[in-house]
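[1] sequence plus predicted model, see below.
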Amino acid sequence: MATRAQFLARIKAEVAKSSGAFPASSAARPARPLEAAIAIRRQMAERWPEALDRFRAEFEKVAGVFHRVSTSAEVPGAVIAIARDKSAREVVAWDPASLGLDLGPPLAASGLPVRAAAPDDTSETARRRHRDEAARADVGVTGVDVALAETGTLILLSGAGRPRSTSLLPATHVAVFDRRHLVESLEQVGVLLEAVHADPRATSGAMINFITGPSRTADIELTLTRGVHGPKEVHAIFVDEPLGSEDWS
Amino acid sequence: MSEPAVETPFSDRASAALRDRFLQEALGIATTKFIGLRRESFDGFPQGDALRDQARSIKEATLERLDEHLTRLADNVEAAGGHVHWADTAQEAREIILRLCRDKGVRMAVKSKSMATEEIELNEALERAGVTPVETDLGEYIIQLAHEKPSHIIAPAIHKTKAQVAELISQVAQAPLAADAEVLTAAARVQLREKFLQADMGITGANFAVAETGTVVLVTNEGNGRMVTSLPRIHVAVMGIDKVIPSMTDLAVFLAILARSATGQKLSVYTTFVRGPRRSTELEGPDELHLILMDNGRSGQIAGPLREALYCLRCGACLNVCPVYRQIGGHAYGHTYPGPIGILLTAMLNGTESVKELAHASSLCGACKDVCPVRIDIPRMLIELRQHIGEEKVAPRTERVVFRVFRRLAMSPAAFALSARIGRLLQRPFARAGRLRRLPLFLGRWTDARDLPPVAARTFRERWKDLR
């Protein structure tokens, strides 16, 4: 079996043989990613309305369903309406602190039990229980870390109280976001990703997902079909008044 | 280098594909559709060309310091709690995975689509070792049920009819299902959901691996890549050393052009970043992450004639536009990687001898180079491969004799002029409406496939004399 030292020595020898004709630097990275990220946030504080229009247009092009409400108090009503429409019996959600609001009481009052991911208990028992709940739930409600307008993409960081499967196992995914999350371009996302990785607090989880519409396939005679493994429907609820969730940058 | 020699000659495999009427129709529809989607996507994306140049230069620069980037990647994966393994060959990569399966008591492994695991023929090895591999990309699932191989890098089952798919998925469901994409996809969802929740191991490839952060990046549309990296207790990622890129900034450049080139999407539905195993604060994710860095013939080309093939993103765009692929499909190539880039990758992995015939399976029209997101000069490398292999051994004897005679004639002005006059006499019975459509004897091998322009009534050299 190859050892790391042998393996790398061979590659180093081959690299030494090559022409050296190409510049040894790649794309220019931000020198201070955290500051660059703050600058993007500042720009977007003014430009978010245009970005929201673009996000909505692109999100709808990839079969996303867009909703807009004025305050976070209206979010539970919007979630209940979606859940009723899907004849949902159970809802799984991110922890209220990560989501920026507590769906539990209002949904329970409408007869919809919400299983929220507890951020402080990661025991084997809690993990198994969570998996069963997520696999059974019809609707999964998450927050959003970045909403990318150019492509209609929702970007979610995993972590404490923000399980990976909430946006994956239930047939309907509902994501809640506000103006702070909007960015315009993939290039800006590149800067934010540099910032996330430069900030140890921001990466409490090991996974980041870009979600651009519902799960899809065209593997049977090129017929476009949705919901092959992940959600069949993705809803995005935009809240005009900023949510109480924490920012990562 | 473990790939078994293909037994039937390429021309027979190609002929069989040409006679398969469903394949012909499916290939025509699929490749035409992908070409249109790609073109539309880039038409509305003026910065696309500059991004392609940038992506290419990132690949060039990364190879210049490949050892450093791999070192950084490995260090960062380990810092995030992952394990890194080094595999010189396909066999070593297989052995690493089999040993992990044995040590960890793995009985079933769910896989997301990965050309690297096709390259090392992992499924066969797992089965022999008593581990059940389950392909979870719908197209790969279909061909696994049919005991076949993928025929397209991004649409592995385009050669199957929905009736054939219905038969395969009905067998698993033990109930007859309608030959309808919606019904069959829903049934596969149920069948595979169970596997995701039961499997001990998730196996993936890597579209990219970011050295600076130790992140494995997977690009999928179905969500199976997310399932296999979130649900089983062990995640194994297998990647060629060519998949490493320096930073997240570089990644943003590649993401902007990859899906556009493959399916015309702005981004694929899911782009998944995996940085080590589940953190202690997380409820989900694998306990262990193993990254296998595989060479398997790649490093030999860092300074070699096929270097550019190491830039490939596996988007499949060059397959769709290739006039040869469009006629014969992926299986006729007889190796893991089909299409124009596949010929080069096969030469890289299995040696140039393995593409003696395939190096000629190209019209050198250059369409592949035009659509390649990183502008790989595939035609140039194919020509160099042909030179390297030597035309003599491949062309039939009669063809070689004809060209040798032509060479003699073309080298002497007198002989050339005489041959034009003789040719004009001999062609009389065969010329129709300014074309030679059918020639006798061995010359018919040419006119079977294409017309030949006849010798002109007055050649240019003859007219030139008068003009002077």
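    Cool, the structure landed.
[2] max-length helix in chain A?
    Criterion DSSP state H: the longest helix present in chain A is helix A:33-61.
[3] cool, and chain B?
    helix B:21-43.
[4] any residue of the helix or strand following that helix touching chain A?
    Next along the chain after helix B:21-43, taking DSSP states H and E as the criterion, comes helix B:48-64. Yes. Helix B:48-64 comes into contact with chain A (Cβ under 8 Å from any Cβ of the partner chain), by way of B:Q54, B:S57, B:I58, B:E60, B:A61, B:T62, B:L63, B:E64. For glycine as for every other residue, the C-beta is placed from the backbone atoms N, C-alpha and C.
[5] what is the nearest of the residues you listed to B:K33?
    Checking those against B:K33 by Cβ to Cβ gives B:Q54 as the nearest, at 28.1 Å.
[6] contacts only, for B:V253.
    By Cβ atoms under 8 Å, 6 or more residues apart in numbering or on different chains, the contact list for B:V253 reads A:A27, A:G190, B:L51, B:Q54, B:A55, B:I58.
[7] make it 7 Å
    A:A27, B:L51, B:Q54, B:A55, B:I58 (Cβ atoms under 7 Å, 6 or more residues apart in numbering or on different chains).
[8] helix or strand for the residue nearest to the third one when sequence neighbours are not counted, which one?
    Ranked by Cβ to Cβ, 6 or more residues apart in numbering or on different chains and with sequence neighbours excluded, the top spatial neighbour of B:Q54 is B:V253, at 5.3 Å. B:V253 is part of helix B:248-262 when elements are defined by DSSP H and E.
[9] next: A:N209.
    Assessed by DSSP H and E, A:N209 sits inside strand A:207-211.
[10] quick check: pLDDT value at the residue nearest the centre of chain A.
    Taking Cα atoms, centre = their mean, the centroid of chain A lies closest to A:L156, which sits 2.0 Å from it. At A:L156, the pLDDT value in this model is 97.
[11] bridge partners for it, pull those for me.
    Beta bridges link A:L156 to A:N209, judged by DSSP bridges.
[12] how close does it sit to chain B?
    Distance, A:L156 to chain B, using Cβ to the nearest Cβ, to the nearest Å: 10 Å.
[13] residue contacts, that residue?
    A:T142, A:V144, A:D145, A:S167, A:N209, A:I211.
[14] tell me the angle the strand holding A:N209 makes with helix B:248-262.
    Here the directions of strand A:207-211 and helix B:248-262 differ by 40 degrees (axes from the mean of the first three to the mean of the last three Cα atoms, to 10 degrees).
[15] would you mind naming what in the stretch 51-200 of chain B lies close to chain A?
    Contacts of the stretch 51-200 of chain B with chain A, taken as Cβ under 7 Å from any Cβ of the partner chain, map to B:54, B:57-58, B:60-67, B:70-71, B:74, B:80, B:86-88, B:92, B:138-139, B:142, B:155, B:157, B:161-162, B:165, B:181-182, B:184-185, B:188-189, B:192, B:197.
[16] looking at the residues you listed, which are in helices?
    Here DSSP H is the test, and those give B:54, B:57-58, B:60-64, B:66-67, B:70-71, B:74, B:92, B:138-139, B:142, B:162, B:165, B:181-182, B:184-185, B:188-189, B:192, B:197 as lying in helices.
[17] hmm, which of those residues are the buried ones?
    B:54, B:57-58, B:60-64, B:66-67, B:70-71, B:74, B:92, B:138-139, B:142, B:162, B:165, B:181, B:184-185, B:188-189, B:192 (16 or more other Cβ atoms under 10 Å in any protein chain shown).
[18] circling back: relative to helix A:33-61, how tilted is the helix holding B:V253?
    For helix B:248-262 against helix A:33-61, the angle by the same axes, to 10 degrees is 20 degrees.
[19] pLDDT score for the closest residue to B:T161 other than its chain neighbours?
    Among residues not flanking B:T161 along the chain, B:F22 sits closest, at 6.0 Å (Cβ to Cβ, 6+ apart). Predicted confidence (pLDDT) for B:F22: 89.
[20] check the one 10 residues further on too.
    pLDDT, the model's per-residue confidence, is 95 for B:T32.
[21] neighbours of it, how many?
    Residues lying near B:T32 (other Cβ atoms under 10 Å in any protein chain shown) number 12.
[22] show me where chain A has its strands.
    Using DSSP state E, the strands of chain A run over A:65-69, A:91-93, A:114-116, A:139-142, A:146-148, A:153-157, A:172-178, A:182-183, A:207-211, A:216-217, A:225-226, A:233-239.
[23] counting by contacts, list what the last one packs against.
    Contacts of strand A:233-239 with other secondary structure elements, assessed using 3 or more Cβ pairs under 7 Å, 6 or more residues apart in numbering or on different chains; DSSP states H and E, are made with strand A:65-69, helix A:75-85, strand A:172-178.
[24] tell me what angle it forms with helix A:33-61.
    Using the same axes, to 10 degrees, strand A:233-239 lies at 120 degrees relative to helix A:33-61.
[25] circling back to that earlier point, how about the residues of helix B:48-64 next to chain A in a markdown table, adding pLDDT?
    Formatted as a markdown table, these follow (pLDDT from 0 to 100):
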| residue | pLDDT |
| --- | --- |
| B:Q54 | 95 |
| B:S57 | 94 |
| B:I58 | 96 |
| B:E60 | 94 |
| B:A61 | 93 |
| B:T62 | 95 |
| B:L63 | 95 |
| B:E64 | 93 |
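[26] output the below-cut-off pLDDT ranges for chain A.
    Applying pLDDT under 70 to chain A flags the ranges A:19, A:23-26, A:200-203, A:246-249.
[27] try 90
    A:1-2, A:18-28, A:117-122, A:199-204, A:221-222, A:242-249 (pLDDT under 90).
[28] what sits closest to residue 120 if chain neighbours are left out?
    Defaulting to chain A. Leaving aside its sequence neighbours, A:D120 sits nearest to A:A160 (Cβ to Cβ, 6+ apart; 7.6 Å).
[29] not quite, I wanted chain B
    Excluding the flanking residues, the one nearest B:I120 by Cβ to Cβ, 6+ apart is B:A90, at 4.0 Å.
[30] then B:P277?
    Per Cβ to Cβ, 6+ apart, closest to B:P277 is B:L289, 4.3 Å.
[31] that neighbour: neighbouring residues, count only.
    By the criterion of other Cβ under 10 Å, B:L289 has 26 neighbours.
[32] hey, what's it bridged with?
    B:L289 has the following beta-bridge partners by DSSP bridges: B:H235.
[33] could you tell me the end-to-end distance of stretch B:327-337?
    Terminal residues of stretch B:327-337 lie 16 Å apart, using Cα to Cα, to the nearest Å.
[34] for stretch B:77-95, same thing?
    End-to-end distance (Cα to Cα), stretch B:77-95: 21 Å.
[35] so which bits of it are buried?
    Across stretch B:77-95, burial judged by 16+ other Cβ under 10 Å covers B:77, B:80-90, B:92-94.
[36] what's in contact with stretch A:232-247?
    Stretch A:232-247 has contacts (Cβ under 7 Å, 6+ apart) with A:52, A:59, A:64-72, A:75, A:78, A:82, A:98-101, A:143, A:154, A:171-180, A:211, A:213-214, A:226.
[37] show the buried residues in the residues you listed.
    A:52, A:59, A:64, A:66-67, A:69, A:72, A:75, A:78, A:82, A:98-101, A:143, A:154, A:171-180, A:211, A:213-214, A:226.
[38] just those residues that are near chain B?
    Answer for these near chain B (Cβ under 7 Å from any Cβ): A:I211, A:G213.
[39] contacts only, for residue 167.
    Here I'm looking at chain A. Residues near A:S167 by Cβ under 7 Å, 6+ apart: A:G140, A:T142, A:L156, A:H173, A:N209, A:I211.
[40] chain B, not that one
    Contacts for B:E167 were tallied using Cβ under 7 Å, 6+ apart; there are none.
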